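Novice: Provided below are the primary sequence and the corresponding predicted coordinates.
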Amino acid sequence: MSDSNGGAALPGGTPPTGEDPHPLDGPQHFSGAASHAVRDELQTLIERDLLGPWDGPHEKFRSRAMGPRERYLVGMLGPRPPAIPTADAAGDVPDGEASAAGGGEADLPDITSPQALGRMWASSMGLSFCVAADVDAVAVRAAWGRYEQREEEDDDGKKTRPWTREPEQYDRTVDLTADGAQRIPLLAASADGPGVHLRVAVRTRDGRRTVEIALLNQQTEPDSNKDTAWIFQPRLTVTARDGAAPVFLPVD
């Protein structure tokens, strides 16, 4: 047997002596595992790759790697864009050109919105549930990853600024006795100021309380290093105040 270049080839596709064999050309050895274990491991790898963090809660990117918004594809809450006054936005809307003859339809103008300029992202996430009317409070845990650039020196003494993840976690007891909406500051000086908040809305009906809890990212977006104002891998966990009582009711 010979290859296309006239050289001798060994049976089984093994390259001639003197060349490094490809890892897949040799026998493959796999550890025993059930199908559900393989599936769970694959799910974990996909989650780490798309959502993160890939390298643990305190992961650090390579020195010249791009920010976390380029690294991960899902699971991020951007700072809420500031509202643009109507009077200021009116000048950005082009006028439509109607048909002079009056017999045809006017061409609709192409309006460039803030979303079309790359500012369409989620700034909040949440969940809803029902409890009995006598449940007056629940425990809420909000957690996410915050990425920052920190200056450090590499092995050659050069200064670098790699992105580093810092885990954030806040535990709050949320009062459910008052109907209406309330805002609880987490990473903020006040409930009305910029930062990260919990928004809680409670409605009482038919002997039960329907509760909606959302995590809001209303941080101020900086002019540079914009990823520092984003929330990555956000997670909301709600339990009974004691962490164990079966307080949640089925939802129709």
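Specialist: That came through fine. Numbers count the residues shown, from 1 in each chain.
Novice: State the number of residues packed around residue 183.
Specialist: 15 (other CB atoms under 10 Å). (C-beta placed from N, C-alpha, C; glycine too.)
Novice: show me what contacts it?
Specialist: 191-192, 197-200, 216 (CB atoms under 8 Å, 6 or more residues apart in numbering).
Novice: Counting neighbours, which of those residues end up buried?
Specialist: 197-200, 216 (16 or more other CB atoms under 10 Å).
Novice: pLDDT at residue 91, what is it?
Specialist: You'll see residue 91 listed with a pLDDT of 54.
Novice: wait, isn't residue 214 in contact with residue 128?
Specialist: No - in this structure residue 214 lies outside contact range of residue 128 using CB atoms under 8 Å: 9.3 Å.
Novice: Surely residue 49 is within a helix?
Specialist: Yes - counting by DSSP: H, G, I helix; E, B strand; the rest coil, residue 49 is part of a helix.
Novice: Could you measure from it over to residue 28?
Specialist: As judged by CB to CB, to the nearest Å, residue 49 and residue 28 stand 23 Å apart.
Novice: These two: which is more packed in?
Specialist: residue 49 (12 against 7).
Novice: Who are the contact partners of that one?
Specialist: Per CB under 8 Å, 6+ apart, neighbours of residue 49: none.
Novice: still on that earlier bit, what two of the contacts of residue 183 are the furthest from one another?
Specialist: 192 and 200 (15.3 Å; CB to CB).
Novice: okay if I get the contacts of residue 183 as TSV plus secondary structure, distance to residue 251 and pLDDT?
Specialist: As requested, the contacts of residue 183 are exported to TSV (DSSP: H, G, I helix; E, B strand; the rest coil; distance: CB to CB, whole Å; pLDDT from 0 to 100):
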residue	secondary structure	distance to residue 251	pLDDT
191	coil	28	89
192	coil	32	88
197	strand	25	97
198	strand	21	97
199	strand	19	97
200	strand	17	97
216	strand	23	97
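Novice: Could you pull up the residues touching residue 182?
Specialist: 175, 191, 199-201.
Novice: where in the protein is pLDDT low?
Specialist: Applying pLDDT under 70 to the chain flags residues 1-19, 81-119.
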